[in-house]
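*Asks:* Would you be able to build a 3D model of this:
(chains A and B)
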Amino acid sequence: MKLVIYACFSGTHAAVVAALIHLGWLKPQVLPSWEELDKHPEFNTPTGRGGLRFLGRTGEGYAVYTAAIGNDGELVRRAVQSFLPLVGRKPTEVVWLDLSQQVSLLWRAGAFLQRYSALYWLGTLLLRYSLKKDYWRLVKVVGKVRANQ
Amino acid sequence: MIIIYHCFGGTHSSVTAAAIHLGLLPRDRLPTAAEFRALPYFDARRKGEEGEIRFMGRDSAGNNIYTVGKKNLGTRFEALFYDLAVALGVPQQEILLLNTSPLVNHAMKLGGFISRRLGLVSVGRPLVVWGTRRAYFNLVRFVNDRGALGGEAP
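*Replies:* Have a look, this model is predicted:
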């Protein structure tokens, strides 16, 4: 069994976009509109309890998940890596991708501002604007992951 | 079963609870400061080591006991690892995550910050030990309440 987990601050933006690209629901060569992204129920929707969210399975049998990690991405990576041997799993069974540092500052600021209801509109505006640039970054990251599978 | 005690830094309350669980600390009396300082990993985790799940020992029921620091992840930490276990096909009853953060008092927080974050061990450690001694019997109760999970007999 192999898992691919895309993680970002809230687990609702960069991680979901990357997972959707990975699963082939977004085309890597076509920039999606915000409205198109919004049609996916996982996009821009917090999980509540903050665990893993299953998005689908690739043709190669990889289960693709997203995760919310706040500002503790490196901590979670270490915890996941040290957890796997405890349950008898190899580190190679989980591909862990922390996208929180891969996206632009504007994207991160947008995701952060969306947490506050009064600034939700501004956060959305920043995310919509930075999507034009960050989408291609995410396409690159996912491309590397897929190439290594 | 795997039992993981977790708190903010993974070096004070979680280590103390794990030590009580394993019988490294007594349940019927307050340990001395020297007994706390002698514990493996007590006030010893360095910056950059948070998140590493560390083995503390095996209890009489054969459970492996670990500690870890989760920093600001709060309840998301447990959700993440329970979900990960399920995704990996590990039976949920094989893993137990126990959060000792609610038992941490202000002296432990301040002492831990001074010792671990600021690196002023000579100031922070006595304070964190003092705070841990004040919280000690709450930690004993916390572990005892989970005695049926296989901890050493109270």
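*Asks:* what about chain B, any weak spots by pLDDT?
*Replies:* For chain B, applying pLDDT under 70 flags the ranges B:147-154.
*Asks:* how about a cut-off of 80?
*Replies:* Chain B contains residues with pLDDT under 80 at B:46-48, B:146-154.
*Asks:* Kindly report the residues of it close to chain A.
*Replies:* The interface of chain B toward chain A, taken as CB under 8 Å from any CB of the partner chain, is made up of B:2, B:49-54, B:64, B:66, B:68-73, B:75-77, B:79-85, B:87-90, B:94-95. Yep, even glycine has a C-beta here, placed from its N, CA and C like the rest.
*Asks:* what about stretch B:22-38, how long is it end to end?
*Replies:* Taking CA to CA, to the nearest Å, the first and last residues of stretch B:22-38 lie 14 Å apart.
*Asks:* Stretch A:18-33 too?
*Replies:* Length of stretch A:18-33, first residue to last, CA to CA: 15 Å.
*Asks:* Report whether it contacts chain B.
*Replies:* No - using CB under 8 Å from any CB, stretch A:18-33 never reaches chain B; the gap is at least 13.6 Å.
*Asks:* Only the buried residues of stretch A:44-53, if you could.
*Replies:* Buried residues in stretch A:44-53, counted by 16 or more other CB atoms under 10 Å in any protein chain shown: A:Asn44, A:Thr47, A:Gly50, A:Gly51, A:Leu52, A:Arg53.
*Asks:* Which secondary structure state does the residue of chain B most remote from its centre sit in?
*Replies:* Here the centre of chain B is the reference, and by CA atoms, centre = their mean the most remote residue is B:Gly89, at 26.2 Å. Here B:Gly89 takes the coil state, with states given by DSSP: H, G, I helix; E, B strand; the rest coil.
*Asks:* which element follows the helix or strand where A:Phe83 lies toward the C-terminus?
*Replies:* Element membership for A:Phe83, per DSSP states H and E: helix A:73-86. Using DSSP H and E, the helix or strand that follows helix A:73-86 in sequence is strand A:94-98.
*Asks:* residues making contact with that next one?
*Replies:* By CB atoms under 8 Å, 6 or more residues apart in numbering or on different chains, the list of residues contacting strand A:94-98 from outside reads A:2-8, A:18, A:62, A:69, A:73-74, A:76-77, A:80-81, A:84, A:141, A:145, A:148-149, B:84, B:88.
*Asks:* hey, where'd the helices end up in the chain?
*Replies:* No chain in the question, so chain A it is. Secondary structure of chain A, counting by DSSP state H: helices at A:14-22, A:34-38, A:73-86, A:105-113, A:120-147.
*Asks:* Actually, chain B is the one I wanted.
*Replies:* With DSSP H applied, chain B shows helices at B:13-22, B:33-37, B:75-87, B:106-112, B:121-145, listed in chain order.
*Asks:* For chain A, list the residues in contact with chain B, please.
*Replies:* Checking chain A against chain B by CB under 8 Å from any CB, the hits are A:1, A:3, A:49-52, A:54, A:63, A:65, A:67-72, A:74-80, A:82-84, A:86-87, A:89, A:93-94.
*Asks:* So B:Ala135 is in contact with B:Met108, correct?
*Replies:* Yes - contact criterion CB atoms under 8 Å: B:Ala135 and B:Met108 qualify, at 6.4 Å.
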